[in-house]
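Peer 1: Sequence first, then the predicted structure:
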Amino acid sequence: MPIENTEFLTRQKHLLQEMQPNSICLVPASQLVTRSRDTEYPFRQDSYFQYLCGFPEPEAWLVLSNHQVYAKSLSILFCLDKDPAMEIWHGRRAGPKQAKQQYASDMAFALDELDERLLDLIDGHQYLYFAQGHNKEAEDLVFSVLQELRNPPEQSKKTHYSLIDVRIILDEMRLIKSANEIDMMRQAAAVATQAHIRAMQFAESGKNEYHLEAEIHHEFAMQGAKYPAYGTIVGSGDNACILHYIQNNQGLKDGDLVLIDAGCEWQGYASDVTRTFPISGLFSPEQKQLYQLVLDAQSAAFEMIKPNNTIKQANDAAIGVITQGLIDLNILHGELADNIERQTYRKFYMHGLSHWLGLDVHDVGDYKIDGQVRPFRPGMVLTVEPGIYIASDADVESKWRGIGIRIEDNLLITQSGHENLTLAAPKTISDIEALMLKKRC
C-alpha cells in the first residue's frame, strides 16, 4: 500500500513544529533531466519532496508556513497547470484543483503563479527554511525572489531573514522509518532477493555479465519495481575487484566468481543487496576460504547490530575477523593488533561496512552526534557489506589473485536486535551450491 495522506500530513506537522516560530519552508520537486537532445531520463521525484507530500509530478513546489497570523499551519502546493495539448504528448497532469483534493494541501496554485506569489508568501516571515545547494535552479529562483523583495517597490516588505537548511530537521526525521516505510522496504528487499536468486539460476559459462543484469532488471520490472535503485554491478572474475564496476560487458567463465550488487526501488524506497557466487556452481578451495571469511565477518558484525550499539562496533568486529583471517591465510603477516593499527587490511577491504538505507540508497542522517558515533535506534535501516578484493596484480600468492567477494544485506533495527530484510537471498556456501546444482539438474 502507498503512503497515505495522513502520514504525509503528520510529517509536515512534525517539520513545522521543529522549525522556529514565524517560519516558511520551501521544498522543490525534481525536474526532468535531459538524456540527449530532446529526450529525458525517466523521472524520479526528489526524495525530500516525496517524503513530505508524495506528489509525483516534476517542477512542483511545496510551501509550508507556521506564521502566527494563520489560524493553523499552512500547506501550499504549486504544480503544472492542466494543459490538454501538452498532456496528449507527455501524459496527464493533476492540475491545482485535483492536487489540492488528492494530496490534502490547504491551497494549490498553478506553477506559473509561483514567482509572484512567493513575494507575498515569504513576506512577514522571520526564518526561511530551504535546502541550499541541493537544487541549483530552485535555489536561483529563491534568491531571485529574495533579491526582488529588496528592490523597489517591494522594500516595504520584510527583507531580512535567517536562512536555515531544512535538511538539518528532515534528515533526522527520515532516519527513523515508520511502519509504512518499513513495509515498503520489506517489499523492495523481497523483490531484490528474488532477482538475485534468478541471476544465480541463470548464470553459466558462455553468457555475459549483461545477461545477468538483464535477468535482474526483468525480475524487478515483473514484480512492479520499474527501476533499479542504483547502477547495477555485475562483476565477474577480477572485475569484482572494481568496487563500482558498471560496464557489465564481459563474458562469464567457469572457475570465476561473479559479484552482483543490485537493488530496486519500491514506491521510492531502496533495497541494496550483494551476492557473490561461482559461475560453475561450485566454489574452488581458495574461493571457499575467502568467501567464508567474508561471511564470518558479516556474522560478527551482525552480533553488534542492536539498539544502543554503533556502526563502529560492528565495523570493528568485521575488521577483526577479516584481518585475522588474512593473517591465517598468509596474505597478511604479523600480529593482529599491529595489522589493525596500521590498517594493512585496507589493501583488501577498502570501503566502509555500512550506510543508511531508505528513500535514497545512501540515505540521509548523520553518523555522529556531537562528535560521537550515534547509537542504533529502532526504525533505522542500514546495509552491512564486508568484502575482500584481491586484485590480479596484488603482491600475494597467485592462487588468491583476481578474487573479489562482497556480501551485503539490509538490516532493520528492532526493539530487541535486528531483522534481516534480505535473508531470503542464499549466501552460505552450501545454500548457493545447492541452488545452482538444482538449476542444472
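Peer 2: It's in.
Peer 1: Could you use CA atoms for every contact and neighbour count after this?
Peer 2: Fine.
Peer 1: residue ranges with poor pLDDT in the stretch 51-200 of the chain?
Peer 2: 70-71, 152-160 (pLDDT under 70).
Peer 1: Let me know the next secondary structure element after the helix or strand encompassing N339.
Peer 2: Element membership of N339 [criterion: DSSP states H and E] is helix 336-342. As assigned by DSSP H and E, the chain's next helix or strand after helix 336-342 is strand 368-369.
Peer 1: Give the pairing partners of the helix or strand just after that following strand; include direction for each.
Peer 2: For strand 368-369, the following helix or strand on the C-terminal side (DSSP H and E) is strand 372-373. Each strand paired with strand 372-373, and its direction, by DSSP bridges: strand 368-369 (antiparallel).
Peer 1: which residues touch the partner strand?
Peer 2: Contacts to strand 368-369, defined as CA atoms under 8 Å, 6 or more residues apart in numbering, come from residues R374.
Peer 1: Tell me the spacing between the residue nearest to G404 when sequence neighbours are not counted and R37.
Peer 2: In space, and not counting its chain neighbours, G404 is closest to Y389: 4.2 Å by CA to CA, 6 or more residues apart in numbering. To R37, Y389 is 40 Å away according to CA to CA, to the nearest Å.
Peer 1: higher neighbour count, these two?
Peer 2: The neighbour comparison of Y389 against R37 (other CA atoms under 10 Å) goes to Y389, with 25 against 6.
Peer 1: For the more buried one, give me its contacts.
Peer 2: Shown in contact with Y389 (CA under 8 Å, 6+ apart): 240-241, 348-349, 402-405.
Peer 1: Sticking with it, tell me its helix or strand.
Peer 2: Y389 is part of strand 387-390 when elements are defined by DSSP H and E.
Peer 1: just checking, what packs against whichever helix or strand comes after that strand?
Peer 2: Using DSSP H and E, the helix or strand that follows strand 387-390 in sequence is strand 403-406. Counting contacts by 3 or more CA pairs under 8 Å, 6 or more residues apart in numbering; DSSP states H and E, strand 403-406 packs against strand 257-262, strand 273-278, helix 285-304, strand 387-390.
Peer 1: could you redo these as TSV and give each row distance to T422 and mean pLDDT?
Peer 2: As requested, the helices and strands packed on strand 403-406 are arranged in TSV below (distance: least, CA to CA, whole Å; pLDDT from 0 to 100):
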stretch	distance to T422	mean pLDDT
strand 257-262	12	98
strand 273-278	7	98
helix 285-304	13	98
strand 387-390	17	98
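Peer 1: Switch those over to TSV; also include distance to L52.
Peer 2: Converted to TSV, these look like this (distance: least, CA to CA, whole Å):
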stretch	distance to L52
strand 257-262	27
strand 273-278	27
helix 285-304	32
strand 387-390	36
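Peer 1: picking up where we left off before, mind listing what's buried along the helix holding N339?
Peer 2: 336, 339-340 (16 or more other CA atoms under 10 Å).
Peer 1: mean confidence for that helix?
Peer 2: On average, the pLDDT along helix 336-342 is 98.
Peer 1: Run the chain-centre distance for that helix.
Peer 2: Mean C-alpha position of helix 336-342 versus that of the full chain (CA atoms, centre = their mean, to the nearest Å) differs by 33 Å.
Peer 1: Dump that helix to PDB, keeping only the CA atoms.
Peer 2: The C-alpha coordinates for helix 336-342 follow below in PDB (Å, rounded to 0.1, in the frame of the first residue of the first chain):
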ATOM      1  CA  LEU A 336      46.600  -8.900  14.700                       C
ATOM      2  CA  ALA A 337      46.700  -5.700  16.800                       C
ATOM      3  CA  ASP A 338      49.600  -4.300  14.700                       C
ATOM      4  CA  ASN A 339      47.900  -5.000  11.400                       C
ATOM      5  CA  ILE A 340      44.700  -3.400  12.600                       C
ATOM      6  CA  GLU A 341      46.600  -0.300  13.900                       C
ATOM      7  CA  ARG A 342      48.500   0.000  10.600                       C
END
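Peer 1: packing partners for that helix?
Peer 2: When contacts are defined as 3+ CA pairs under 8 Å, 6+ apart, helix 336-342 packs onto helix 311-328.
Peer 1: relative orientation of the helix it packs on and helix 285-304 in degrees?
Peer 2: 150 degrees (axes from the mean of the first three to the mean of the last three CA atoms, to 10 degrees).
Peer 1: ok, and what's touching helix 311-328?
Peer 2: By CA under 8 Å, 6+ apart, the residues outside helix 311-328 that reach it are 293-294, 296-298, 300-305, 332-334, 336, 339-340, 345, 352-354, 373, 375-376, 386.
Peer 1: could you redo the last one with a cut-off of 6 Å?
Peer 2: Applying CA atoms under 6 Å, 6 or more residues apart in numbering, the contact partners of helix 311-328 are 297, 300-301, 304, 332-333, 336, 345, 353.
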